[in-house]
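> what's the 3D shape of this:
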Amino acid sequence: MITHLARVTIVVRDQDEALAFYTEKLGFEKRADDSFGPGARWLTVAPPGQRELEIVLQQPLESMHGEQGAREMLASVGKNPTWVLYTTDCQGDYGQLVERGVTFISPPTEQPYGLEAVLIDLYGNSYSLLQPAAAMN
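Sure thing, here's the model as predicted:
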């Protein structure tokens with residue numbers, strides 16, 4: 001029986017620059033940073049306090065995925081579907097993230113489901129920063 005979603009993966013070009021973006025810009029915490037195999041690294045981040053789900057920052061390696069596999073994975077960088085990041089203060093978080101240099105493709109806008117702003121990470125993946133409407137909580 002499936003009990004919960006534990007991890008999702010984002011393919012990145014460089015794990016160190018991705019780690020800096022997610023921790024320094026978005027304020028996430030580094031959860032795991034372990035080396036294994038030749039040049040391989042298990043690196044995860046998550047929002048502070050969230051224990052149920054981690055984001056794996058995966059850098060394709062020929063040693064793990066083969067030359068073609070690594071090339072195909074690199075071609076997928078920046079093409080993840082939009083993820084939703086819940087917030088209790090969309091407007092305030094938007095202001096803080098803009099100050100940290102995060103790029104938004106839309107400012108906080110009232111939607112039927114809540115107050116939403118859409119940001120992109122350093123690779124072009126989009127995230128909905130959502131303060132859910134009371135009916136959604």
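
> by mean pLDDT, flag the weakest helix or strand of the chain.
Within the chain, confidence by mean pLDDT, DSSP states H and E is lowest for helix 62-75 among all helices and strands, at a mean of 90.

> packing partners for it?
For helix 62-75, not one helix or strand is in contact under the criterion 3 or more CB pairs under 8 Å, 6 or more residues apart in numbering; DSSP states H and E. From N, CA and C alone the C-beta is placed, and that goes for glycine too.

> work out the gap between that helix and the centre of the chain.
In this view, helix 62-75 has its centroid 21 Å away from the chain centroid, taken as CA atoms, centre = their mean, to the nearest Å.

> what does it rub up against?
Residues outside helix 62-75 that contact it (CB atoms under 8 Å, 6 or more residues apart in numbering): 11, 13, 37-40, 58, 60-61.

> which of the residues in that helix are buried?
By neighbour count, and taking 16 or more other CB atoms under 10 Å as the criterion, the buried residues in helix 62-75 are 64, 70, 73.

> same check, this time on stretch 5-25
Judged by neighbour count using 16+ other CB under 10 Å, the buried positions of stretch 5-25 are 10-12, 18-19, 21-22, 25.

> which of the buried residues of helix 62-75 sits closest to Gln96?
Comparing the buried residues of helix 62-75 against Gln96 with CB to CB places Met73 closest, at 32.1 Å.

> domains in this structure, by residue range?
Per automatic domain parsing, the domain ranges recorded for the chain read 7-75, 83-136.

> centre of the chain to the longest one, how far?
Read that as domain 7-75. Taking CA atoms, centre = their mean, one finds domain 7-75 lying 10 Å from the centre of the chain it belongs to.

> what's the closest non-adjacent residue to Leu130?
With sequence-adjacent residues excluded and distances taken as CB to CB, 6 or more residues apart in numbering, Leu130 is closest to Glu116, at 4.9 Å.

> among the domains of the chain, which is nearest Met1?
That would be domain 7-75 among the domains of the chain, by CB to CB, at 16.5 Å.
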